[in-house]
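Visitor: build the 3D model from these lines:
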Amino acid sequence: METESMNATSLKLTENSLVFMRETVKWAKFLAICSFVGLGLMVLVGVVFLFLSVSAPGPAEMKISTSAVGIFYILIAVLYFFPAIYLYRFAIASAEAINTLNDDTLEEGLENLKSLFRFTGILMIIVLSLYAVGFILAIVLSLIKM
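Guide: Numbering: from 1, shown residues only. Next up is the predicted model:
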C-alpha cells in the first residue's frame, strides 16, 4: 500500500497521548464486544423469524412477511459485522502498539480505524441518499394524489 510523503519522518506520542490512547482502546474494545453480542442477537432473532415462517400455521402472506423480517435481520447483521470487526482490530492492534511501543502495529490499528470510518461514511451516504429518494418520492406521490 502506498503512503503519501509527509514532511515529518516520525511522530512522538506524549505521555498524555498514550493515556488518551489507552482509554480510547478500552472503549473501542468494549464497543466492539458489545457489537458482536448485538450481532449474535440479531442473527438469532433472524433465525427465529425464519423458523417461525416455516413452522407456524397461518396465511401465506404472514409467512412471507415473517421470513422477510428474518432475512432483513440477518442481512443487517452481516452489514454491521464489518464496522464491528474493524473496531475490534483497531482496539487489539492499538493496545499491542501502546504496550510494545511498536510503530508498525500502531499503523495497523490506525488502518483499521480508517477502514471503519470509510465503511461507515459510505454507508451513511447510501442511507442519506435513500432518505432523499424516499422524501422526493413521497412529495411526488402526494402531489399526484391531489
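Visitor: now Ala97: which helix or strand?
Guide: helix 60-100 (DSSP states H and E).
Visitor: what helices or strands is that helix leaning on?
Guide: helix 15-55, helix 103-145 (3 or more CB pairs under 8 Å, 6 or more residues apart in numbering; DSSP states H and E). Where you see a C-beta, it was placed from the backbone N, CA and C, and this is true even at glycine.
Visitor: which residue is nearest the centroid of this protein?
Guide: In the chain, the centroid-proximal residue (CA atoms, centre = their mean) is Pro83; its distance is 2.8 Å.
Visitor: would you mind measuring from it to Phe49?
Guide: Separation of Pro83 from Phe49 (CB to CB, to the nearest Å): 23 Å.
Visitor: minimum distance to Phe72: which of the helices and strands packed on helix 60-100 has it?
Guide: In terms of CB to CB, the element of the helices and strands packed on helix 60-100 nearest to Phe72 is helix 15-55, at 7.5 Å.
Visitor: the closest one vs helix 103-145, what angle?
Guide: 50 degrees (axes from the mean of the first three to the mean of the last three CA atoms, to 10 degrees).
Visitor: using the three-state scheme, assign Pro57.
Guide: Following DSSP: H, G, I helix; E, B strand; the rest coil, Pro57 is assigned to coil.
Visitor: what about it, neighbour count?
Guide: 6 (other CB atoms under 10 Å).
Visitor: just read off the phi/psi values of it.
Guide: Note on Pro57: its backbone torsions stand at phi -80, psi 150 [degrees, to the nearest 10].
Visitor: so who does the residue lying closest to Val48 once chain neighbours are set aside touch?
Guide: Leaving aside its sequence neighbours, Val48 sits nearest to Gly70 (CB to CB, 6 or more residues apart in numbering; 7.3 Å). Neighbouring residues of Gly70 by CB atoms under 8 Å, 6 or more residues apart in numbering: 45-53.
Visitor: if you set the cut-off to 7 Å instead, what comes out?
Guide: Contact analysis of Gly70 by CB atoms under 7 Å, 6 or more residues apart in numbering lists 46-47, 49-50, 53.
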